[in-house]
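Asks: pasting the sequence and the predicted coordinates here, then a few questions.
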Amino acid sequence: MTGFEDWYATGTVDRPPPCTLFPRVIDNHQSYKNIYPVTEKLITDYPDVERHYLVSGGTKAMGLVWFLLNAKSDTEGKLFSSSQRLDHTDQVEEIKFPFALNVTYLSEFMTTQTLDMVRLDTEAFEKLLPSSRDRKELLRKAQLGAAAQLPIHIHGETGSGKEEMARALARIARPGAKVVAVNCSAIPADLIESQLFGHKRGSFTGADRDHDGFFIQADKGTLFLDEVGELSPEAQARLLRVIQEKKVRKVGDTEEKGVDVYIISATQESLMDMVKAGTFREDLYYRMVVWPVNLPPIRNWSARDFEALVRRLWQGRRAID
């Protein structure tokens, strides 16, 4: 850490000194739950400063938190790595790669190195049958993204449990807050913007009263957008703007309203395939698929997971009888 502090003291071409360090005490450097709240609060306390993350120092859990915070933030910080040269002098270099690669690396980093540090929330995931090792690993990964309130996208076939997964993740992200579930494919194209963002009385034929859209209804809670790939190009553009600015404007209104909504989305088809086909915006994709969760179809479940499912169905049958 000394080399990093010395490097900060001298400054660089694009970042002259002085720079201020804000030391914080973390009780357990191996515990994600101890590290994340402390560092997130530090960023909240100093929202206007440029953020630099040293990803090579500290524990694996600390490195994971830096990537999580960088992926979660509306504006990316800078990632740095420090190492020692052959002559035993320290060097610090910036790690530069696209945001999409950042997310890909983060997911892989967490899967291979840190999942065992996550204590599975069995109460939240009870209905998702955390039985086999693979199933528990999938749920731990999803839980970690929800705990950081990263935008999660769930991909899975019909019947794979997408809505149940979304509700479990919402309980983890914002305990006790409301969850508004929306099936985007079930809303007529000409009403989708009114339903999502609301409308003012008289803004169109049949609008006989003011209406709060799903975003306003879900304020301070979670909005689950199922089949988000079915949104029209116009609705996608509006959705992107709301995500970026955290404000909505009702159809027919001239004023905007601030909203604080945690978004979870889902599709049956691959959203990336939709991007490649030109039916889904790429910039919106990278806003919504920060933390991907892929649910396997039931036919690919392990024997242990099938046993848990049969046991759950039998218990439900006995309760009815």
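Replies: Received the coordinates, thanks.

Asks: what's the burial count for the closest residue to Lys257 other than its chain neighbours?
Replies: Leaving aside its sequence neighbours, Lys257 sits nearest to Val248 (C-beta to C-beta, 6 or more residues apart in numbering; 5.6 Å). (Glycine included, C-beta is placed from N, CA and C.) Val248 is flanked by 24 other residues according to other C-beta atoms under 10 Å.

Asks: can you tell me the average pLDDT over stretch 270-285?
Replies: Taken as a whole, stretch 270-285 has a mean pLDDT of 93.

Asks: who's in contact with it?
Replies: 153, 155, 228-229, 233, 236-237, 239-240, 243, 267, 288-289 (C-beta atoms under 8 Å, 6 or more residues apart in numbering).

Asks: redo that, cut-off 6 Å
Replies: Stretch 270-285 is touched from outside by Gly229, Gln236, Leu240, with contacts defined as C-beta atoms under 6 Å, 6 or more residues apart in numbering.

Asks: and the residue nearest to the spatial centre of the chain, which of the three is it?
Replies: Residue closest to the average C-alpha location in the chain (C-alpha atoms, centre = their mean): Leu150, at 2.0 Å. Leu150 falls in the coil class when you classify it by DSSP: H, G, I helix; E, B strand; the rest coil.

Asks: didn't it look like it was pressed against Pro292?
Replies: No. Under the criterion of C-beta atoms under 6 Å, Leu150 makes no contact with Pro292, lying 10.2 Å away.

Asks: strands of the stretch 201-321 of the chain, residue ranges please.
Replies: 222-226, 247-248, 257-258, 262-267, 291-294 (DSSP state E, counting those that start in this stretch).

Asks: I'd like those written out as a markdown table, with distance to Ile43 and mean pLDDT added.
Replies: Formatted as a markdown table, the strands of the stretch 201-321 of the chain follow (distance: least, C-beta to C-beta, whole Å; pLDDT from 0 to 100):
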| stretch | distance to Ile43 | mean pLDDT |
| --- | --- | --- |
| strand 222-226 | 22 | 97 |
| strand 247-248 | 21 | 92 |
| strand 257-258 | 20 | 91 |
| strand 262-267 | 17 | 96 |
| strand 291-294 | 18 | 91 |
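
Asks: what is the neighbour count of Glu245?
Replies: Quick note: Glu245 (other C-beta under 10 Å) scores 13 neighbours.

Asks: burial count for the closest residue to it other than its chain neighbours?
Replies: Spatial nearest neighbour of Glu245, chain neighbours left out: Glu256 (7.8 Å); criterion: C-beta to C-beta, 6+ apart. Glu256 sits with 14 neighbouring residues when counted by other C-beta under 10 Å.

Asks: wait, Glu256 sits on Lys247?
Replies: Yes. Between Glu256 and Lys247 there is a contact at 4.2 Å, judged by C-beta under 6 Å.

Asks: out of the strands of the stretch 201-321 of the chain, the one nearest Leu128 is which?
Replies: strand 291-294 (11.0 Å; C-beta to C-beta).

Asks: which other helices and strands does the closest one contact?
Replies: With contacts taken as 3 or more C-beta pairs under 6 Å, 6 or more residues apart in numbering; DSSP states H and E, strand 291-294 sits against strand 152-155.

Asks: which residues sit against the strand it packs on?
Replies: 145, 162, 165, 169, 264-266, 288-289, 291-294.

Asks: average pLDDT for that strand?
Replies: Rounded mean pLDDT across strand 152-155 is 96.

Asks: show the subsequent helix or strand relative to that strand.
Replies: Downstream of strand 152-155, the next assigned helix or strand under DSSP states H and E is helix 162-173.

Asks: wait, a helix at Ser81?
Replies: No. Ser81 is assigned strand when assessed by three-state DSSP, not a helix.

Asks: I figured the residue nearest to Lys257 hits Gln217, correct?
Replies: No. Using C-beta under 6 Å as the test, Val248 is too far from Gln217 to be in contact (10.8 Å).

Asks: ok so, going back, highest neighbour count among the contacts of strand 152-155?
Replies: Result: Ile264 is most packed of the contacts of strand 152-155 (other C-beta under 10 Å), 31 neighbours.

Asks: that residue and Ser194: what is the separation?
Replies: Counting by C-beta to C-beta, to the nearest Å, the gap from Ile264 to Ser194 is 22 Å.

Asks: about what we covered before: state the pLDDT value of the residue nearest to Glu245.
Replies: 88.

Asks: quick thing: my sequence starts at 20, can you match it?
Replies: Taking 20 as the first residue, the last one we looked at is Glu275.

Asks: which parts of this protein are helices?
Replies: Here the chain has its helices, by DSSP state H, at 21-29, 51-64, 79-91, 118-132, 152-166, 181-192, 211-216, 233-236, 252-264, 290-296, 301-307, 322-339.
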